[in-house]
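**Student:** take a look and give me a structure for this.
(one chain, ligands or ions: 1)
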Amino acid sequence: MTCLSKISFAKPKGAGKDRFQIMSKKSDFGLIGLAVMGQNLVLNVESRGFQVSVYNRTTSVTDEFIAKHPGKALVGAHTLEEFVQSLAMPRKIHIMVKSTAVADSDRDAVDAVIEQLIPLLAKDDIIIDGGNSFYKTTERRDVYLAEKGLRFIGAGVSGGEEGARKGPSIMPGGPASTWEVMKPIFESIAAKVDGEPCVIHIGPGGAGHYVKMIHNGIEYGDMQLICEAYNIFKHAGFTTDEMAAIFNEWNEGAMQSYLIQISGKALEQKDPETGASIVELIVDKAGQKGTGQWTLMNAAENGIVISTINAAVEARILSSKKKARVAASKLLTGPAVNITTAKAELVKKVHDALYASKIISYAQGLDLIKSMGEAKKWGLDLGRIASIWRGGCIIRARFLNSITDAYRENPELSNLMLAPFFIDVLTQTQQNWREVVSLATLNGIPCPAFSASLGYYDSYRAERLPANLLQAQRDFFGAHTYERTDKPEGQMFHTDWPEVIG
Ligand code: 2AM
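**Tutor:** Have a look, this model is predicted:
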């Protein structure tokens, strides 16, 4: 490893007061990658009393950033050497560049930056990857950097641009001892709820990025469920202003959440050009960056049902096939929409359907985290994980308090639905939930996430499912054998089924 004190470099041309506002002391924190999230995170860290060095591959971005924030404790570096030299030891370097690596053999921009840093760093320096890296990639980097004598944290950061500036929810994974070093900075920059910072040490290795990935899956579920509520209201003849008022009102109650809040605000927004609702002018093709699909793949690998999140990912996929949908809309028939339910009554019913479905979505996401955490022996604390989602992040919501409480009361809870509070809510809401799924279905209004949630609920609570016939089918064509209800568990039987001709 290169010893930094041996490196000497000339102050690059153009380096003057503008870029080096404070050089008398070494910086507490360094950040690489000055896109909007990176910039906002730097301003957040600086605002908590830390001096921050910054580096961006395109140096003009660094210069512009520093020039835009005079008087702040910022150090702009034009080279990585200069950047590394400006940091107090052990160095804490937060990388905020886009990660794309998924397969073991993939190498991306984060790897490129890490490779450039390695020869410049000293033992025990800390690299933090704050991007949306795939957790397996984080595990690879964790092992690789440990071999080099460096410390690594893979941290999921949620909250978008605003969260990064004012206080995100942070999900760091890595060695507990490294977390202890980072804790003062992370706790000071994270969002606070009831005085508690929205950051905990999630677990070792890729645990932080893993939990962030599932957080994103849950976010997909939440967003789709809200969209299905909106679509039912729209088909029932509500105006966008009426719908905005409904979401605004819901945001005062049990479903208070950032996503409900922004949905209300979005529906209120008018296009300055036409005066029409902006939302109604937006093309109905959803984009996605991949964390939802990663969540599905991981659920399949773990044998966990996340049907609500699955429906949400698939709803985005189908939405993106706009041309195919337009063509099919002229060929495939459906019922004429005829919703006669009084508006106030419909609002209450859809509220309950949304609330119940949302609980199912979280139950599934947390079940997946639990299963993976156990398989990996990560020692995850589901209650504390839910508690750091209460602020800063996109899925922040009042009802996360109830989730936190449920796991505090029973850390061994096998499924969120089974906590007394949620049993009660699901009991209270289910009649309306069923009526909404049925109303939407009878009217030909797609509600894949509402109905997937209800299907999960009814399957999970079914003492007997029709899998007995399924086992008969399997034994019929493949002699896969079956267990019997009247014989001890584990004893396998086979029937000589009649031959089927043709
Ligand atoms: P840039 O301004 O030079 O493009 C988001 O894309 C951020 O990641 C930007 O700050 C971008 O720097 C940076 N980035 C992307 N790929 C990079 C790479 N291979 N090396 C260093 N920074 C990179």
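
**Student:** so what's Met171 bridging to?
**Tutor:** Following DSSP bridges, Met171 is listed with bridge partners Gly156.

**Student:** from Glu180, how far off is it?
**Tutor:** 16 Å (CB to CB, to the nearest Å). From N, CA and C alone the C-beta is placed, and that goes for glycine too.

**Student:** same question, Ala109
**Tutor:** 29 Å.

**Student:** higher neighbour count, these two?
**Tutor:** Ala109 (16 against 10; other CB atoms under 10 Å).

**Student:** which residue is the nearest non-sequential neighbour of Gln430?
**Tutor:** Ala356 (6.3 Å; CB to CB, 6 or more residues apart in numbering).

**Student:** for the one you found, what are its contacts?
**Tutor:** 425-426, 429-430, 433, 453-454, 457 (CB atoms under 8 Å, 6 or more residues apart in numbering).

**Student:** close enough to count as contact, Gly373 and Leu380?
**Tutor:** Yes. Look at Gly373 against Leu380 with CB atoms under 8 Å: they come within range, at 3.5 Å.

**Student:** okay, strands next: where are they in this structure?
**Tutor:** In the chain, the strands defined using DSSP state E lie at 29-32, 52-55, 74-77, 92-95, 126-129, 151-158, 169-173, 192-193, 196-197.

**Student:** which one, of those strands, ends up nearest to the ligand?
**Tutor:** strand 29-32 (6.7 Å; CB to the nearest ligand atom).

**Student:** tell me which other helices or strands the closest one touches.
**Tutor:** In this structure, strand 29-32 packs against helix 36-47, strand 52-55, helix 80-85, strand 92-95, with contacts taken as 3 or more CB pairs under 8 Å, 6 or more residues apart in numbering; DSSP states H and E.

**Student:** mind saving the C-alpha coords of the third one as PDB?
**Tutor:** What follows is the C-alpha trace of helix 80-85 in PDB, where atoms were taken according to Å, rounded to 0.1, in the frame of the first residue of the first chain:
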ATOM      1  CA  LEU A  80      -8.000  12.100  -6.500                       C
ATOM      2  CA  GLU A  81      -4.500  12.400  -5.000                       C
ATOM      3  CA  GLU A  82      -5.300  16.000  -3.900                       C
ATOM      4  CA  PHE A  83      -8.700  14.800  -2.600                       C
ATOM      5  CA  VAL A  84      -7.300  11.900  -0.600                       C
ATOM      6  CA  GLN A  85      -4.500  14.100   0.900                       C
END
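
**Student:** which helices and strands does that helix pack with?
**Tutor:** Using 3+ CB pairs under 8 Å, 6+ apart: helix 80-85 touches strand 29-32, strand 52-55, helix 109-117.

**Student:** in JSON lines, list those along with distance to the ligand and mean pLDDT.
**Tutor:** Formatted as JSON lines, the helices and strands packed on helix 80-85 follow (distance: least, CB to the nearest ligand atom, whole Å; pLDDT from 0 to 100):
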{"stretch": "strand 29-32", "distance to the ligand": "7", "mean pLDDT": "98"}
{"stretch": "strand 52-55", "distance to the ligand": "9", "mean pLDDT": "98"}
{"stretch": "helix 109-117", "distance to the ligand": "4", "mean pLDDT": "97"}
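
**Student:** that older thread, dump the strands of the chain to JSON lines, plus mean neighbour count.
**Tutor:** Formatted as JSON lines, the strands of the chain follow (neighbours: other CB atoms under 10 Å):
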{"stretch": "strand 29-32", "mean neighbour count": "27"}
{"stretch": "strand 52-55", "mean neighbour count": "28"}
{"stretch": "strand 74-77", "mean neighbour count": "26"}
{"stretch": "strand 92-95", "mean neighbour count": "26"}
{"stretch": "strand 126-129", "mean neighbour count": "27"}
{"stretch": "strand 151-158", "mean neighbour count": "27"}
{"stretch": "strand 169-173", "mean neighbour count": "29"}
{"stretch": "strand 192-193", "mean neighbour count": "18"}
{"stretch": "strand 196-197", "mean neighbour count": "18"}
